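Student: Structure for the following, please:
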Amino acid sequence: GGGGGNGGGDVGGGGSGGGGGGPVAAVLSYNHLLKGKEHKKEKEMVSAAKGAYVGYVVYGTPGLVVLCDASDEDVAGYLSTCRDIGKRGEEVYRGAIQDSGAAEGRRGLDEMELGGVKQLVGGDEATYRQILGLPPL
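Tutor: Numbering: from 1, shown residues only. Purely as a prediction, here's the structure:
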């Protein structure tokens, strides 16, 4: 037998956050983020996050910004700020991440390697590919 369906358990269950995983984060993707003093837009993006958000920036193609514990309003606000700066991004992932350091009262974006992003999503290949905009395996 084909094991019955899953009973529609918590559909629409009042968004209680990522059930015991880690903090919930949004991952935003940009065509590319370039590192270095001469790249003014990227510097403005990092500065814009300083007072308001905790997270990470991954330089490269694609470039990623991870906003930890960010509400829908936070994400929309930051994307809007980035558009004003001239960097158009999109949210590619929202969910629990494995990051104990996210809530330690720091503010702003720490630099991270791409491999760190994979660790944040618990090493999950499918999620990682989704974040990078790669087709599923």
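
Student: hey, where'd the strands end up in the protein?
Tutor: Assigned by DSSP state E, the chain shows strands spanning 24-30, 54-58, 63-68, 89-96, 108-111.

Student: Now the ones you listed in TSV, please, with extra columns for mean pLDDT.
Tutor: Shown next, in TSV, are these (pLDDT from 0 to 100):
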stretch	mean pLDDT
strand 24-30	96
strand 54-58	94
strand 63-68	95
strand 89-96	95
strand 108-111	93
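
Student: Adding mean neighbour count and distance to residue 39, write these out as CSV.
Tutor: C-beta coordinates here come from the backbone N, C-alpha and C atoms, glycine included. As requested, these are arranged in CSV below (neighbours: other CB atoms under 10 Å; distance: least, CB to CB, whole Å):
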stretch, mean neighbour count, distance to residue 39
strand 24-30, 23, 12
strand 54-58, 24, 12
strand 63-68, 24, 10
strand 89-96, 16, 15
strand 108-111, 16, 13
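
Student: Would you mind giving these as a markdown table with distance to residue 75 added?
Tutor: Putting the strands of the chain into a markdown table (distance: least, CB to CB, whole Å) gives the following:
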| stretch | distance to residue 75 |
| --- | --- |
| strand 24-30 | 5 |
| strand 54-58 | 11 |
| strand 63-68 | 6 |
| strand 89-96 | 6 |
| strand 108-111 | 14 |
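
Student: which one of those lies closest to residue 80?
Tutor: Within those, the stretch nearest residue 80 is strand 89-96; the backing value is 10.1 Å (CB to CB).
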